[in-house]
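Peer 1: below are the sequence and a predicted model; questions follow.
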Amino acid sequence: MKAARWYHSKDVRVEEVEEPAVSDGMVKIKVEWCGICGSDLHEYLIGPLSIPVDEPHPLSDKKAPIIMGHEFSGEVVEIGEGVGKVSVGDRVTVEPILFCGTCSACRIGHYNICEKRGFYGLTDDGGFAEFVLVKEQSVHKLPDHLSFEEGALVEPTAVAFHAVRQSQLKLGDTCVVFGAGPIGLLVLQACKAAGASKIISVEISEERLELATKMGATHVINPLKENTLESIQKITGTGANVCFEAAGAESALLDAIQCVDVDGEVVIVSVWEKPVEFNPNLLFKKECKIRPVLAYRNIFPEVISLISEGKVNVAPVITKKINLDQIVSEGFERLLADKKQTKILVAPK
């Protein structure tokens, strides 16, 4: 079968590999669509960050080259002995976190911060392939009326909804979302669903700001054209109750800390390529909190329901569809060069 494998930074190869064979407790999926995630882009640009290179990952026993892709949907084509959750022909999406089930985090249900945590597409073979093999526990059925494209957006939508669920955002609160990439746009949707009264999007791309308005932002700010802090102060009066940092930029984090209200909260959603510096005194002045969030946990069924019932519209996030042979030139490189792009979906067929 054809697959896109990561060998090193700037070295992703589309090549023929052996089709995976089903074993006990495993589900074989014919992939329909797989999205390029920001973490995939980080791995392509400056990796390895999560991909094991020298030693195999303890939960997969695999190391580079790894088949990338963790935002995917498809059809079940074969099941292993003991699988009862899904059947051949089911339309599914995959929750790609791998976890041990025995560490202190896993024992309290926080498997997203498992000590040995891994991901399909990063530490084990993923969805940029014609077929993928995953554990039964990772598979979630899709309603018949939900498209495979929307199914591929369940994973990043779960990231956004987990961030809002873990925050202190309440009905009627004001919030700021820094960054209007795929996650930032989906955080806007989550804030809207949670009942935020004012949702401010901060982004340097005019095209993305236009999309942010369509997806629920009540106000938009371009830091290249206006003073971010002054504008937020004018809109909110006293500052935002919660700020979500989804840009992965030091300037955005510093602005988030400074524009939050007294006893407010800054939620870090981004994956960072390098460390940042800030003065902790900025926190003391307002007794504001910083909360990082990682991925999601126990949320996929609810996210699938929200999308299928039309309460969350993920379709506008998709800006381009390509085939697997184009993944480098029209996928990774296009996302780096063209800020009009947000979510690019890849068809392995």
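Peer 2: Received it, and whenever you're ready, just let me know what you need.

Peer 1: the stretch 1-150 of the chain: strands as residue ranges?
Peer 2: For the stretch 1-150 of the chain, strands defined by DSSP state E, counting those that start in this stretch occupy the ranges 2-8, 11-16, 26-35, 66-67, 71-79, 91-94, 97-98, 118-119, 131-135, 139-141.

Peer 1: just checking: what are the partner strands of the longest one?
Peer 2: It stands for strand 26-35. strand 71-79 (antiparallel), strand 131-135 (antiparallel), strand 343-347 (antiparallel) (DSSP bridges).

Peer 1: sorry, back to before: export the strands of the stretch 1-150 of the chain as TSV, with columns for distance to residue 183.
Peer 2: C-betas here are computed from N, CA, C, even on glycine. Listed next are the strands of the stretch 1-150 of the chain as TSV, based on distance: least, C-beta to C-beta, whole Å:
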stretch	distance to residue 183
strand 2-8	21
strand 11-16	21
strand 26-35	11
strand 66-67	22
strand 71-79	11
strand 91-94	17
strand 97-98	16
strand 118-119	15
strand 131-135	23
strand 139-141	20
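
Peer 1: just to revisit the earlier point, quick check: which of the strands paired with strand 26-35 is nearest to residue 39?
Peer 2: Residue 39 lies closest, by C-beta to C-beta, to one member of the strands paired with strand 26-35: strand 71-79, at 9.8 Å.

Peer 1: let's see the host helix or strand of residue 230 as CSV, backbone CA atoms only.
Peer 2: Assigned by DSSP states H and E, residue 230 falls within helix 228-236. Presented in CSV, the C-alpha positions along helix 228-236 are these (Å, rounded to 0.1, in the frame of the first residue of the first chain):
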residue,chain,number,x,y,z
THR,A,228,-4.0,44.5,20.6
LEU,A,229,-4.1,45.4,24.3
GLU,A,230,-5.8,48.7,23.8
SER,A,231,-8.4,47.2,21.5
ILE,A,232,-9.2,44.3,23.9
GLN,A,233,-9.5,46.8,26.8
LYS,A,234,-11.9,48.9,24.7
ILE,A,235,-14.1,45.9,23.8
THR,A,236,-14.2,44.3,27.2
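
Peer 1: by contact count, what packs against the helix or strand just after it?
Peer 2: Using DSSP H and E, the helix or strand that follows helix 228-236 in sequence is strand 240-245. Here strand 240-245 touches strand 174-178, helix 182-193, helix 250-259, strand 260-268, going by 3 or more C-beta pairs under 8 Å, 6 or more residues apart in numbering; DSSP states H and E.

Peer 1: ok, residue 34 touching residue 71?
Peer 2: Yes: counting by C-beta atoms under 8 Å, residue 34 touches residue 71, with 6.1 Å between them.
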